[in-house]
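Trainee: Sequence and predicted model, in that order:
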Amino acid sequence: MPSIIYSKKNKHIKFARSLMRKKHRDLTNHFLIEGKKIIEEAISFAANLKMIFISSENINNHEIISILNLCKDREIPIYQIDEWIFKELSETESSQGIVGIIEKAKYDFNSILNKDILKLIVLEEIQDPGNLGTIIRTADACNYNCVALSKGCVDLYNSKTIRATMGSLFHLPIIINVDITDSLNLLKSKDVLTIGSSVTNGVASYNIGFKEKFALVIGNESTGLSEQALDLVDKKVNIPMPGHAESLNASIAAAILMYESIRGN
């Protein structure tokens, strides 16, 4: 049976509430996840789930009971709390009554780059959490090895970003706060072909010519890739737009390029 917490002053509740702020997520290396699907994904893919909180109103939900059984098998602490306390932890309008605390995963960039075949996407200063989450989800769908986020990207552990990943957050390594210049130079030293997205210049997306080891480099929604990044990439690529639109959403552009990369070029 879950342990019952009666007060929002409980240390576990206070810790969970603190993780709603980036400052505390960074200080503690933990973050919140909310919802049945994403918690199931976290458990299935061996994320370091520290504890979960269940609203008393949802304790008898059959899907929640299934998750509780998984947590018991893995000795993950379970806490039941009243709805008025649960609302202090929920960041969704229609809560499913379950929240978890996870320790952030750590990855070694160099070990990923040492693979013989490599599909990588590097993001420079992506600002919208929905875009970031969608790009991660698409990279997962395309079986990419890693997503690297530059300094200045929106927080990976923002609740909106996490929801947009739909669980893909736990399926592949995501490396945060990389220096874009250092990263591109490192990729070059490892014989990784770097391909930068450009609005106006470069080869058409369907004529890129991918190698066994490559990295797509996608820039900020408003300004695109920085001049510094464009000067460093091996190839520039653009997506032909015969219509009247001036540009594409960053996550759409990234998706087009990722699917081109697995199409057989």
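Mentor: Cool, got the structure. Numbering: from 1, shown residues only.
Trainee: Domain-wise, how is the protein divided?
Mentor: Listed domain ranges for the chain are 3-103, 109-261 (source: automatic domain parsing).
Trainee: which strand is the longest one in this protein?
Mentor: Using DSSP state E to define each element, the chain has its longest strand at strand 48-55.
Trainee: and that strand, what's its mean pLDDT?
Mentor: Across strand 48-55, pLDDT averages out at 95.
Trainee: From the contact counts, what lies against it?
Mentor: helix 11-18, helix 36-44, helix 62-73, strand 78-81, helix 83-86, strand 98-103 (3 or more CB pairs under 8 Å, 6 or more residues apart in numbering; DSSP states H and E). (Each C-beta comes from the backbone N, C-alpha and C, glycine too.)
Trainee: how about CSV for those, with mean pLDDT and distance to residue 110 added?
Mentor: Listed next are the helices and strands packed on strand 48-55 as CSV, based on pLDDT from 0 to 100; distance: least, CB to CB, whole Å:
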stretch, mean pLDDT, distance to residue 110
helix 11-18, 97, 33
helix 36-44, 93, 26
helix 62-73, 90, 34
strand 78-81, 95, 38
helix 83-86, 93, 42
strand 98-103, 96, 22
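Trainee: could you dump the ones you listed to CSV with distance to residue 193 and mean neighbour count?
Mentor: As requested, those are arranged in CSV below (distance: least, CB to CB, whole Å; neighbours: other CB atoms under 10 Å):
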stretch, distance to residue 193, mean neighbour count
helix 11-18, 43, 15
helix 36-44, 31, 18
helix 62-73, 41, 14
strand 78-81, 47, 21
helix 83-86, 49, 17
strand 98-103, 34, 23
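Trainee: Redo the ones you listed as a markdown table? Include distance to residue 111.
Mentor: Formatted as a markdown table, those follow (distance: least, CB to CB, whole Å):
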| stretch | distance to residue 111 |
| --- | --- |
| helix 11-18 | 31 |
| helix 36-44 | 23 |
| helix 62-73 | 29 |
| strand 78-81 | 34 |
| helix 83-86 | 40 |
| strand 98-103 | 20 |
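Trainee: mind checking which of these is nearest residue 141?
Mentor: Across the helices and strands packed on strand 48-55, residue 141 has its closest neighbour in helix 36-44 (14.1 Å, CB to CB).
Trainee: Give me the contact list for the closest one.
Mentor: Where contact means CB atoms under 8 Å, 6 or more residues apart in numbering, the residues beyond helix 36-44 that reach it are 33, 47, 49, 52, 63-64, 67, 70-71, 74, 76, 96, 98, 100, 102, 162-163, 166-167, 169-171.
Trainee: Note down every partner strand of the longest strand of the chain and its orientation.
Mentor: Here strand 48-55 has these sheet partners by DSSP bridges: strand 78-81 (parallel), strand 98-103 (antiparallel).
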